[in-house]
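Asker: I would like the atomic coordinates for the input below:
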Amino acid sequence: MRILLATLIALLPALAAAQDKPDYREMHREAARKYFNSFEQGLLLSGRIEQNGSEGDFRAVFHDDVWIVKYNYGDLQSISYYGEKGNWAGSNYTLPYQIEEKDSPSNAVMNILASGDYLNDPWWDDMHYIDEDAGGYNFVFSPEGLPPVKLVMFSDKDDPEYMQVMTSEVRFAPDDPESITYRTFYYYTTDEEGRLITEKETSSELDQNGNRINFTEYIVDHTEMVDDIPAEFNFDFERHPVGNPQQLAPEGVDVDIVVKNGYMFVPLSFEGSDNTHYFLLDTGASASLFSPAAAADANFETSLNTKAHGHGSSADFSIGLCESAYLGTADGDHVKLSGFPATVIDPSSSQVLIDTLGSYGASGLMGISLFHQYVTRFDLPNNRLTLYNADNFDPDTALSRPYAFLELDVEDLVYALGRLNYSVLGEVVIDTGLQLDLALLSETLDHYGVELEKQYSGESTVVGGVRKFDFVNVPAFDIGPLHLENKIASITSDDRGTMSGRLLLGYVGVFFFQQQRVTLDLFNQKMYIEPDAEVQQQMRENFEAQQQAAAEGPDAAGADSAADEMAAGQEEGNGG
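Answerer: Residues are numbered from 1 along each chain as shown. Take a look at the predicted model:
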């Protein structure tokens, strides 16, 4: 099908020329350049946002090929940057991170369009006119290695919007039949000087059946020309701790936790309440989930309605910023937490999740936000966490030797490199909310043609309720110093397309934290590992096996450079 599309695209320009049709590509290029010329001179836009009924506001500036947008929903504040330093995202509750092409191919291709870069080489050759219908002129923008985008241009010659982009449509993961489609409509107006500017944009996320699951509308209320980027749009690329973390002693502060059924449960207390609630610590969650009782003690307001996705399921949530929490018991020592995103679990739609957490004595899930504020050492044998300020943490002082480290890719979640069966190298999410050793993404396994022996099927609780999973035997899996053999893994899926679109290999569960002491330093994007004697021996054997696999060639090792990348942290970090 993709070969047929490529052939069709290659033939269409020749057919159009043969029939003496207008050159719609060049007509659009000329019209679009007039539109983007306003941005290059410096333009500031501001207005309102509505997402699924929740209201917010935005301010955006475009100047000298730099594009910065600020979004506010109540206390939730985020900012995006696109320019010479790449594509970045930040907020008042996460560390800033760069979104590379491999992380979100659909985001990358839409940025090329939204910035106007597609009008120039080398991208312009990837813009193809298809045909004309009652809706307008149809195009496809199809850069190599990125998802194709369907575009429709205004066809009314008497309209000032003539030949501008009217709609765009892209699938998060083109090869995933369950991937969400992102569709945008654009509306234009002219300012007092006759320049064409944006008046409104609407964007929808559509499931595989065409049903709308998220809807956002941007309405421009004010525009002005600017000579420079205003100071309010300064994007801080440095990975400073989020908020105002409490100043801790140099040796760190210990927090007692509960380890139960393989999970970690951390105590949370809240200003104005004498109650202590235990939350399952889940590094695979970008936001925290509160039971109604815990939310009542936390006393935060939600301001953003969205649909959350996880392991092939989804649920509607309303998110706010919790600013009243402490890590620790109400009647003991505790550490102040800066604001973090949180939602209240709705009993009408997620009672199963509330009941499952309640069976563990838990009042919710604590997401990844804690680690955007403090360096954290996990010591499960002694049932405790130790928190450090980022500017005080020294691994040579705080950790026992020998230690190793893994390089991480810290975004909204925490990613590391793993290798399946000595051959498939890919990213995995570090997920302490996963009780199993591994969960592998079915779409990625299909992409690489990996077949694993099924052992049994069973049900597990996920964000959207209870769903059935297949469980398979994994002959070998490597991550950092750990080499696993003949382990049971669940086969999960991605109903959104963002994980399958980046070919995520899967998720590594809480076992990683059970077999050795682990320290997460997201500010330097490192995970430190203090192995016991057994794991130290495993590290040596694993390192030798990886070197041998690399020597046998790319087909066996997944690429020599990849093997070196996985091994480097183990070798160089060992002993500090």
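Asker: Hmm, Q516 is touching M527, no?
Answerer: No: if you go by Cβ atoms under 8 Å, Q516 and M527 don't touch, sitting 10.8 Å apart. Every C-beta, even on glycine, is put in place using the N, C-alpha and C of the backbone.
Asker: Let's check: the centremost residue of the chain is which one?
Answerer: With distances taken as Cα atoms, centre = their mean, the residue of the chain nearest its centroid is D412 (4.6 Å).
Asker: ok so that residue is a helix residue?
Answerer: No: when DSSP: H, G, I helix; E, B strand; the rest coil is applied, D412 is found to be coil, with no helix at that position.
Asker: so who does it touch?
Answerer: By Cβ atoms under 8 Å, 6 or more residues apart in numbering, the contact list for D412 reads T94, Y97, S286, I368.
Asker: which SS state does the first one fall under?
Answerer: In this case it means T94. Of the three states, T94 takes coil according to three-state DSSP.
Asker: residues touching it, list them.
Answerer: By Cβ under 8 Å, 6+ apart, the residues touching T94 are V242, S369, H372, D412.
Asker: how about 7 Å then?
Answerer: Applying Cβ atoms under 7 Å, 6 or more residues apart in numbering to T94 gives the contacts V242, H372, D412.
Asker: any idea which of those is the one closest to E301?
Answerer: V242 (19.4 Å; Cβ to Cβ).
Asker: Any figure for the gap between the closest residue in space to that closest one that isn't next to it in sequence and P105?
Answerer: Computed as Cβ to Cβ, 6 or more residues apart in numbering, the closest residue to V242 that is not its neighbour in sequence is H372, at 4.4 Å. Distance of H372 to P105, given as Cβ to Cβ, to the nearest Å: 25 Å.
Asker: G83 too?
Answerer: Counting by Cβ to Cβ, the gap from G83 to P105 is 19 Å.
Asker: Those two: who's more crowded?
Answerer: Ranked by neighbour count (other Cβ atoms under 10 Å), G83 and P105 place P105 first, with 22 against 17.
Asker: Was I right to think that one contacts G501?
Answerer: Yes: between P105 and G501 a contact is recorded at 5.6 Å, counting by Cβ atoms under 7 Å.
Asker: what ranges do the helices span in the chain?
Answerer: 2-18, 24-41, 105-114, 292-298, 347-359, 395-398, 442-448, 498-501, 511-514, 533-551, 554-557, 560-573 (DSSP state H).
Asker: For the protein, give me the ranges with low pLDDT.
Answerer: 1-20, 307-315, 461-467, 533, 535-536, 538-540, 542-543, 546, 553-576 (pLDDT under 70).
Asker: quick revisit: will you turn the contacts of T94 into JSON lines that also has distance to T492?
Answerer: Shown next, in JSON lines, are those (distance: Cβ to Cβ, whole Å):
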{"residue": "V242", "distance to T492": "29"}
{"residue": "H372", "distance to T492": "25"}
{"residue": "D412", "distance to T492": "18"}
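Asker: Tell me the one of these nearest Y35?
Answerer: Nearest member of the contacts of T94 to Y35, counting by Cβ to Cβ, is D412, at 31.8 Å.
Asker: ok, the closest one to S286 distance?
Answerer: Shown here: D412 relative to S286, a distance of 5 Å by Cβ to Cβ.
Asker: same question, S106
Answerer: S106 sits 18 Å away from S286, taking Cβ to Cβ as the criterion.
Asker: Compare neighbour counts for those two and give me the winner.
Answerer: S106 (23 against 19).
Asker: correct me, but that one touches R496?
Answerer: No: at 10.8 Å, S106 does not count as touching R496 under the criterion of Cβ under 7 Å.
Asker: Which residues are in contact with each of those two?
Answerer: The contact lists of S106 and R496 share F172, where a contact means Cβ under 7 Å, 6+ apart.
Asker: so how many other residues sit close to A476?
Answerer: 15.
Asker: residue contacts, it?
Answerer: Taking Cβ under 7 Å, 6+ apart as the test, what A476 contacts is N421, Y422, L484, E485.
Asker: and W123, how many neighbours?
Answerer: By other Cβ under 10 Å, neighbour count at W123 equals 17.
Asker: show me what contacts it?
Answerer: With Cβ under 7 Å, 6+ apart as the criterion, the residues that contact W123 are I112, D117, P143.
Asker: and which of these is nearest to E217?
Answerer: Among the contacts of W123, and counting by Cβ to Cβ, the member closest to E217 is I112, at 23.4 Å.
Asker: For the closest one, which non-adjacent residue is spatially closest?
Answerer: Y118 (5.1 Å).
Asker: Help me confirm that that neighbour comes into contact with S142.
Answerer: No: using Cβ under 7 Å, Y118 is not in contact with S142, being 10.9 Å away.
Asker: where exactly do the strands run in the stretch 201-350 of the chain?
Answerer: Remark: strands assigned in the stretch 201-350 of the chain by DSSP state E, counting those that start in this stretch are 212-225, 253-256, 258-260, 263-270, 276-281, 288-290, 302-310, 313-322, 325-328, 334-336, 340-344.
Asker: okay if I get these as CSV plus distance to L445 and mean neighbour count?
Answerer: Below are the strands of the stretch 201-350 of the chain laid out as CSV (distance: least, Cβ to Cβ, whole Å; neighbours: other Cβ atoms under 10 Å):
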stretch, distance to L445, mean neighbour count
strand 212-225, 25, 15
strand 253-256, 38, 17
strand 258-260, 31, 15
strand 263-270, 26, 22
strand 276-281, 28, 24
strand 288-290, 29, 26
strand 302-310, 18, 20
strand 313-322, 19, 21
strand 325-328, 37, 24
strand 334-336, 41, 18
strand 340-344, 31, 25
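Asker: mind putting the ones you listed in TSV, distance to D57 included?
Answerer: Shown next, in TSV, are the strands of the stretch 201-350 of the chain (distance: least, Cβ to Cβ, whole Å):
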stretch	distance to D57
strand 212-225	9
strand 253-256	37
strand 258-260	42
strand 263-270	28
strand 276-281	31
strand 288-290	25
strand 302-310	11
strand 313-322	16
strand 325-328	26
strand 334-336	29
strand 340-344	18
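Asker: For I430, find the nearest of those.
Answerer: strand 276-281 (11.7 Å).
Asker: domains of the chain?
Answerer: Listed by automatic domain parsing, the domain ranges of the chain are 2-233, 253-387, 394-573.
Asker: Distance to Q247 added to those domains, as JSON lines?
Answerer: Shown next, in JSON lines, are these (distance: least, Cβ to Cβ, whole Å):
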{"stretch": "domain 2-233", "distance to Q247": "19"}
{"stretch": "domain 253-387", "distance to Q247": "10"}
{"stretch": "domain 394-573", "distance to Q247": "16"}
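Asker: thinking again about what came up before, so for Y118 and S142, which sits in the more crowded spot?
Answerer: Neighbours were counted for Y118 and for S142 using other Cβ under 10 Å; Y118 has more, 21 against 18.
Asker: List the contacts of that one.
Answerer: Residues near Y118 by Cβ under 7 Å, 6+ apart: I112, W124, M127, F141.
Asker: Quick check: the gap between it and V165.
Answerer: 10 Å.
Asker: From the contacts of W123, list the buried ones, please.
Answerer: I112, D117, P143 (16 or more other Cβ atoms under 10 Å).
Asker: Find the residue closest to the second one in space, skipping its chain neighbours.
Answerer: Closest residue to D117 in three dimensions, ignoring its sequence neighbours and counting by Cβ to Cβ, 6+ apart: W123, at 6.0 Å.
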